[in-house]
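build me a model:
(3 chains)
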Amino acid sequence: MALTGLDIYKLLPKTNCKKCGFPTCLAFAMALATKKVSLDKCPDVTEETKQILESASEPPIRTVTIGSGENKISIGGETVLFRHEKTFYHKCGTGILLSDNLSVPGGEIKNKVSLFNKLVFDRVGQKVRAEFIALKNDSDSETKFIDALNEINTLSSDSLLILLSNNITTLEKALSTLKDRRPVVGPANTGNYESMTNLARTNNAGLLVTGKDLDEIAAVTQKITDMGFREIVLDLSNPDINSCLENLTQVRRLALRKNYRPLGYPTIVFCSAKQGENNCDALTCGATFIAKYASIVIVPEPVDWQFLAMVTLRQNIYADPQKPVTVQPKLYSIGGTPDNKSPVLITTNFSLTYFTIEPEIINSKIPSWLVVVDTDGLSVLTAWAAEKFTPEKIVDAMKKANIENIVEHRKLIIPGYVAVMSGKLNELSGWEVLVGSREASGIPKFLRSIWL
Amino acid sequence: MHTVKILPDDIEIKVKDNTDLLSAITDAGIYINSDCGGNGTCGKCKVIIKNGYVLSCQTNVTDDLVIEIPYSSRIEEIHALIDTAEQTQESVFAYQPLAKKVHLKLVQPSLENNIPDYERLKSKLEEKLSISNLKIGLSLLKALPHFLRKVEWDFTASLVESDGGYEFVQFEPGDRSKDIYGIALDIGTTTVVAYLVNLDSGKVHCAEATYNQQISLGQDVITRIMYSTEKKGLKKLSQMICNTINDLIAALVEKSGISQNDILAVQSAGNTTMIHLFLGINPEYIRKEPYIPVVNFPPVINAEELNIKINPRGTISCLPGVASYLGGDITAGVLASGMDRVEKASLLVDLGTNGEIVLGNSDWLVGCSCSAGPAFEGVGIKCGISAIDGAIQSIKIDNGEVTVSTINNKKPKGICGSGLIDIPAELLRNSIIDRSGKFRKESVKSNRLRKNEDDEYEFVIVSDKDSHIVITESDIATLLRSKGAVFLGMQVLLQEMKLKFEDIDRIYISGGFGTALDIGKAILIGLLPDLPDEKFSFIGNSSVAGAKICLLSKSAREKAKEIVGKMTYIDLSTNPKFMNEYTSTLFLPHTDIELFPTVKRKLGI
Amino acid sequence: MEKVIEKWTGKIAELSIGSVSSEGGSRSKVIKIGGETTLPFLHFEGQMPNPPLVAAEVCDTPPEHWPFIIEEFKNFINDTLRWAKKCEEWGADLLCLKLDSCHPDGKNNSVEYAGELVSKVLKTVSLPLIVIGCNHPEKDQEILPKVAEMTKGEKILLGMATKDNYKTITAAALANDHSVIAETPLDINLAKQLNILISDMGLPVERIVMHHTTGGLGYGFEYCYSIMERCRLAGLTGDKVVATPIINMIAEETWKIKEAKASKDEQPTWGELHSRAVGWEVTCAAGYLQAGSDILVLVHPESIKIIKQTIKQLMTGVRP
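Take a look at the predicted model:
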């Protein structure tokens, strides 16, 4: 289990010698606890301490990397049950499942892979995409499997692959065509884990493990780790959505709460769903498992709008909650429909600041423009103190908002707490700067007194 | 130049054209309220010109004038900040002051005893004080032979601590060993307090307090730092604080009748920004990420160099600080409380302008600054004032009747910190406000609750022909924010160290709001944790107390360095809990009433 | 291995909406929400006696920022009563009527209008009712008491009570035996404080539904999601003040955003608009179900159907 700063402090020399670059041993210990620094920065630490810290720092859920080069992703490694407790670190992968029965000559695979290739979206400045193609040897035929794989490879050489077959030789052959792709292979189970493990190890692949229940899965992973292999992904797919949710929850809880190693691995869920127009089953399952603990979610079809929604949800769920809650820095119209004579107010993008000001502007009954400046989510005074709410930044935000072409007048209202910047702001912007009230509660009176 | 006549003082001053009245009045040595630093927003610097009120900060002198400064605008002597009670830890430190006077009678030299003058003096002193490492300056050495013979080898040597040893600073005829003084100084953002301490007896001779002159340039350290980056700003701020200190010293000298030359050492404590400004060091980088001060351990400085009016060869020392927002005043507080010398964990809560908190024991210390704001110093509150004569220091409301008590029983002038803590408690207890600090406008039937000229609800505390003292809804919101930040600061520190309030052995409260602090009410509003009364100790102005201890003891000065060495600064501005949980504290006593079981019982929640 | 079963000490309050004729109302059924003793759908651990509900949103004036819905609903978008009737046909559990037209900057319809409209809706549909004001705290103080009075006996859910107007709305709910939605912006403490203030007025916590201001998918979803999880965890660990059901206004956070407006020509990689827009409402709802939502307010009939199915699957554990 993770040690706290105080736990670690007790193991340090307590000399406050500053050689590590921190002012005190306690400060260093706190940084160690949050993994902001490594132990070797302390020259005086004992061997014993080293060992204790190393074993404590082994994560309860293993991080497994799939793929290579630019497109590789890491999954697992999570440390909390709820994102607000810290954050979910490794965003879950998404992808589609293809059956090798679809292989030539129907062209179905070609079709689906080219649709898959288009599942790349730009969201809040980030490129997000579907990463995985799982290929299943439904045909039991080696040729079909290899043909399908080749087809996938020709069209999509950088997707992350999951190769599923009960035939070791088929998988072996498939792997031989892939160089350094670091796919996932499987399924490994009680019956075949030995050969599967050797196959995965030899070919530098991850290993998908299945079983009829968590006990059986745990038994298999234990045997696999006994063989010295740990690049494991647990397949928790289940036709019953509820059992699936239960198992995903239990795996996360057992790993984190009980430090139960046999299930301390990333997980994958295949959402099987009926085909058909507008069928959102795959989507609702996908959404459920993105929220609750799957490390990879696979759906049957490469449907663009479904993936757009899923990767957006994933981005939301995996966003770092420790960043301050912010509102989008932009121009807001508040209290109705402001026009070219309406007042222009300015504030920061800390959401609490925004949500305090907004109702008060509404209360004033004067429709207004509110320019929200990006202050990294700091409130007015804090942002000002940290130089994130400066006349320069305000002028910049006003430009971006194009406010000078929206209103006729040249009067800008700033929060009372930053009255000191009015001179400089006036100089930089050329606008007359009016110092508003210090508290949001003063806004209605202020607006009514100067604008009516 | 114009002449401004100030009434009722009947003082005339010469003022340059276009100077603002506030500066002119301040320069004349009259202190008047100005919370906003001359921005024209607080409305406290009102003066009367021709029967009409103007804000002095917004009025420029363009002609000869007669003005009247009303009682309500004046800042009076700050009594409650001066708290010379010996409740602190000085007795545990060995007496070894920053400066000494030693009466010596040397054996006259002879042909048999032909040791040189200086070595003769030195060996006698070394023997008497069992010290080594003595230094002397050339000019003093040059004067020595004549002096020794003139006083017939009977004289008093003055020494100040220097580089771990001592340096001679003056020689006087006869025995003057008891006439030695030092100043213990608390340089606060809002107020400055000085004790004149006899370094021979260790007793406080007298004390003075006044507002930091810099307050006219802004309430908080950030505004001051910003001002310091303007042209000549740093020099002006530096001069202002030195003037403030010199005014205090002059007052002490006058009060006590001692000679300024007998003051040989100043031991100061102040927050990091104040110390930078005092020494004229650029504080700019304190404010900017990654928030680094120029120095935590300032060197000892010659009084002459800083133009501080004590013996020109006397020394100025500053207690070391921990970080940009955890200064020497807090080091002094820890020292004065003695919390760093006991095994059980205790908390130090300094309710100054920032609200600093230290948690720790003999093994470790962590500290933070909560940016609580100066509300408990009366700043930013409509009728708030410092703990001056006439400040309302406690308030009781029963059946709609309001009873107040003021400092020195003077007529009420405003409300100081302890009164401001009482108000929300009493309003809540009487169901005049709800737990979010809003007036229960619908259900309260009292003509004390009414809308004011700003269209805001306020509750009238005192209303007679001389004073009109109220608390507004936004005042209460401001107080809630301050108390919330302080309480949350404590919670965050405890959480960082995996402790609970119940694990805390003692809570030391320091601050300049007088001894009227009602712990029960501070708990009721959620400023202090719900712990038994006996766990709290009010230690007054612990900054000046710590400075005094250091003035008198070398081992205390060493201890101060040790405290700084082991204190870990926790930055709340980047702490997620501090940000996420802040709103939980903006409620009376707290959103989570289970944290305040006795309040829950008392209020029947 | 031994499974990890949490021993939750708290229970989410159970709340009834609607009243049948035998109880003085005119609804076809009484529906219940809340009562959970575990996290969403963890049936192995505790009870979830009432499935989350799907409420269909009806606006009394065409929602100008929802072009897609205006187009799809063009036959009845101007006829509140017909729209309401449709919702019943679509299988919604209850109706969420929004009195947007009363907003002073809009049509500024009168208090009397609001009262009459609500009476007509009651006569037209038999579903239990949620009535939301016009998102103007002061005007809501005028119209909602009237609504509460006109619906006396129907046990409706009345919203939004905010920190600025909760006193009036709570008083109206108290006088007419309704429940209220307490709305606070994305902050667990503010939510808790408002619940305390409302219950201090005598309305028991059991008659409050929380709204943390829903974030649309991709537009602040995660903030609301985490506040909901934190509230639910606090409620289950014994904090009675926040152990109340939660509502999510998903429709209004979905249909105004570009994912529910932009055509395929504008956004060629986003897929076809109709499915995308419905998918957006569905995904947002499915996400909030996992955070503890008790009432999902949706607008599109397809979303309503799909989410009802999803809830059924999650409740019974059976897939169709």
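
helix or strand for C:Lys85, just tell me which one.
Taking DSSP states H and E as the definition, C:Lys85 sits inside helix C:80-89.

correction: the previous question concerned A:Val128.
Assigned by DSSP H and E, A:Val128 falls in strand A:126-129.

residues making contact with that strand?
The contact list for strand A:126-129, computed with CB atoms under 8 Å, 6 or more residues apart in numbering or on different chains, reads A:Leu119, A:Val120, A:Phe121, A:Asp122, A:Val311, A:Thr312, A:Arg314, A:Gln315. Heads up, the C-betas are built off the backbone N, CA and C, glycines and all.

out of those, which is nearest to C:Trp270?
Looking at the contacts of strand A:126-129 and their distance to C:Trp270, the nearest is A:Phe121, at 7.5 Å (CB to CB).

quick check: the closest one touching A:Arg314?
No. If you go by CB atoms under 8 Å, A:Phe121 and A:Arg314 don't touch, sitting 11.2 Å apart.

of the two, who's got more company?
A:Arg314 (23 against 19; other CB atoms under 10 Å in any protein chain shown).

and that one, that one's in a helix?
Yes. Counting by DSSP: H, G, I helix; E, B strand; the rest coil, A:Arg314 is part of a helix.

thinking again about what came up before, let's have the contacts of strand A:126-129 in TSV, adding pLDDT and distance to chain C.
Below are the contacts of strand A:126-129 laid out as TSV (pLDDT from 0 to 100; distance: CB to the nearest CB, whole Å):
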residue	pLDDT	distance to chain C
A:Leu119	95	8
A:Val120	94	7
A:Phe121	93	6
A:Asp122	85	9
A:Val311	96	10
A:Thr312	95	4
A:Arg314	96	10
A:Gln315	93	7
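
could you save those residues as JSON lines and add columns showing distance to A:Cys280?
Shown next, in JSON lines, are the contacts of strand A:126-129 (distance: CB to CB, whole Å):
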{"residue": "A:Leu119", "distance to A:Cys280": "17"}
{"residue": "A:Val120", "distance to A:Cys280": "22"}
{"residue": "A:Phe121", "distance to A:Cys280": "19"}
{"residue": "A:Asp122", "distance to A:Cys280": "24"}
{"residue": "A:Val311", "distance to A:Cys280": "16"}
{"residue": "A:Thr312", "distance to A:Cys280": "15"}
{"residue": "A:Arg314", "distance to A:Cys280": "17"}
{"residue": "A:Gln315", "distance to A:Cys280": "20"}
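
out of the residues you listed, which are buried?
Neighbour counting with 16 or more other CB atoms under 10 Å in any protein chain shown marks A:Leu119, A:Phe121, A:Val311, A:Thr312, A:Arg314, A:Gln315 as buried within the contacts of strand A:126-129.

from A:Pro187, how far off is the first one?
In this structure, A:Leu119 and A:Pro187 are 25 Å apart, going by CB to CB, to the nearest Å.

excluding chain neighbours, what is closest to A:Asn189?
A:Thr210 (5.3 Å; CB to CB, 6 or more residues apart in numbering or on different chains).

can you map out the helices along the stretch 101-250 of chain A?
Applying DSSP state H, counting those that start in this stretch to the stretch 101-250 of chain A gives helices spanning A:108-117, A:142-155, A:168-176, A:193-202, A:214-226, A:241-258.

quickly compare these and say which is most buried.
Among the helices of the stretch 101-250 of chain A, ranked by average contacts under mean count of other CB atoms under 10 Å in any protein chain shown, first place goes to helix A:241-258 (a mean of 21).

and chain B, which residues reach chain A?
Proximity of chain B to chain A, by CB under 8 Å from any CB of the partner chain, involves residues B:36, B:39, B:41, B:218, B:222-223, B:226, B:287-289, B:322-323, B:363-364, B:366, B:371, B:454-456, B:473-474, B:477-478, B:496-498, B:565-569, B:573, B:576, B:579, B:583.

doesn't C:Leu158 fall inside a helix?
No. Assignment of C:Leu158 by three-state DSSP gives strand, placing it outside any helix.

thought it was touching C:Ala175?
No. Using CB under 8 Å, C:Leu158 makes no contact with C:Ala175, being 11.2 Å away.

which one's more surrounded, those two?
C:Leu158 (27 against 12).

and the helices in the stretch 51-200 of chain B?
Under DSSP H, counting those that start in this stretch, the stretch 51-200 of chain B gives helices at B:117-129, B:138-150.

weakest of those by average pLDDT?
Lowest mean pLDDT of those: helix B:117-129, a mean of 91.

which one of the helices of the stretch 51-200 of chain B lies closest to A:Ser368?
With CB to CB as the measure, helix B:138-150 is the member of those nearest A:Ser368 (70.5 Å).

by contact count, what packs against that closest one?
helix B:117-129, strand B:165-173 (3 or more CB pairs under 8 Å, 6 or more residues apart in numbering or on different chains; DSSP states H and E).

please work out which of the ones you listed is packed deepest.
strand B:165-173 (a mean of 19).

now that strand, how far from the centre of its chain.
31 Å (CA atoms, centre = their mean, to the nearest Å).

and for stretch A:280-295?
With CA atoms, centre = their mean as the basis, stretch A:280-295 stands 15 Å off its chain's centre.

residue 40: neighbour count?
Went with chain A since none was named. With other CB under 10 Å as criterion, A:Asp40 counts 9.

meant chain C actually
Neighbours around C:Pro40, by other CB under 10 Å: 22.

what helix or strand is it located in?
Per DSSP H and E, there is no helix or strand for C:Pro40.

what's near enough to touch residue 91?
Just going to use chain A. Residues in contact with A:Lys91 (CB under 8 Å, 6+ apart) are A:Ile73, A:Arg314, A:Gln315, A:Tyr318.

let's do chain C instead
C:Ile304, C:Lys305, C:Lys308.

pretty sure the last one is in a helix, no?
To tie it back to what came earlier, the one meant is C:Lys308. Yes. Counting by three-state DSSP, C:Lys308 is found in a helix.

that one contacts C:Pro52, correct?
No. Look at C:Lys308 against C:Pro52 with CB under 8 Å: they stay out of range, at 9.8 Å.

please, which helix or strand holds the closest residue to chain B within the stretch 51-200 of chain C?
Nearest residue of the stretch 51-200 of chain C to chain B: C:Asn189, at 3.9 Å (CB to the nearest CB). When elements are defined using DSSP H and E, C:Asn189 is found to belong to helix C:188-200.

which neighbouring elements make contact with that helix?
When contacts are defined as 3+ CB pairs under 8 Å, 6+ apart, helix C:188-200 packs onto helix C:166-176, strand C:179-183, strand C:208-211, helix C:221-236.

give me whichever of those is most buried.
The most buried one of the helices and strands packed on helix C:188-200 (mean count of other CB under 10 Å) is strand C:179-183, showing a mean of 26.

now that one and helix C:188-200, what's the angle there?
Counting by axes from the mean of the first three to the mean of the last three CA atoms, to 10 degrees, strand C:179-183 lies at 150 degrees to helix C:188-200.
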